[in-house]
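Peer 1: Curious how this folds, go ahead:
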Amino acid sequence: MAYKGKFKPKNYYKYLGNPTNIIYRSLWECKLMSYLDNHPDVIGWASEEIAIPYKHPIDGRRHRYYPDFYVKRRVDGRIKESLIEVKPYKQTLPPKVQKTRTPTKKYLNEVRTYGINEAKWIAAQNYCKDRGWDFKLMTENELGIK
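Peer 2: Below is the predicted model:
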């Protein structure tokens, strides 16, 4: 199976966008798409259809963040809406402080990536709070992948 590809929904009417152009960028995203497509409580869903402005922590400019998923579902007779970001668990934690004098390129990249992700997630939490939605980070743990 490819790590990237086009997802073909069985329940295309649930997709809130163009159901012929759904792209997954990881097998984890593909697994969640299949779940959303088939779960009876999911009324509608979309992938990377919502743009959230955020301030980039490095260049200080405004950028747009496209969370992986928007989900509309029935929960206890009510409609709940959520934004979901799929990430490896390791990327949801701040990098461990390096003990060497000169930071490695790997460490600097981890710090940069985490800082950017954190800015995106804070913007998404605020966006969701304003609308009464939930924001969730899903990792391999929540997706049942080892």
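Peer 1: The most centrally placed residue in the chain and residue 57, how far apart?
Peer 2: The C-alpha lying nearest the average C-alpha coordinate of the chain belongs to residue 85 (CA atoms, centre = their mean; 1.6 Å). With distances taken as CB to CB, to the nearest Å, residue 85 is found 17 Å from residue 57. C-beta here means a position set from N, CA and C on the backbone, and glycine is covered the same way.
Peer 1: Same question for residue 139.
Peer 2: Between residue 139 and residue 57 the computed distance is 22 Å (CB to CB).
Peer 1: Contacts for stretch 52-63 next, please.
Peer 2: Among residues not part of stretch 52-63, those counted as contacts by CB atoms under 8 Å, 6 or more residues apart in numbering are 64-67, 112, 115-116, 118-120, 122-124, 127.
Peer 1: Please compute how far that stretch lies from its chain's middle.
Peer 2: Centroid separation for stretch 52-63 versus its chain: 18 Å, with CA atoms, centre = their mean, to the nearest Å.
Peer 1: buried ones in that stretch?
Peer 2: 52, 54 (16 or more other CB atoms under 10 Å).
Peer 1: before we move on, which element is the residue lying farthest from the centre of the chain in?
Peer 2: Outermost residue of the chain with respect to the C-alpha centroid, by CA atoms, centre = their mean, is residue 101; its distance is 34.5 Å. Element membership of residue 101 [criterion: DSSP states H and E] is none; it lies in no helix or strand.
Peer 1: Show me the helices in the protein, by range?
Peer 2: When secondary structure is read from DSSP state H, the chain shows helices at 27-38, 105-131, 140-143.
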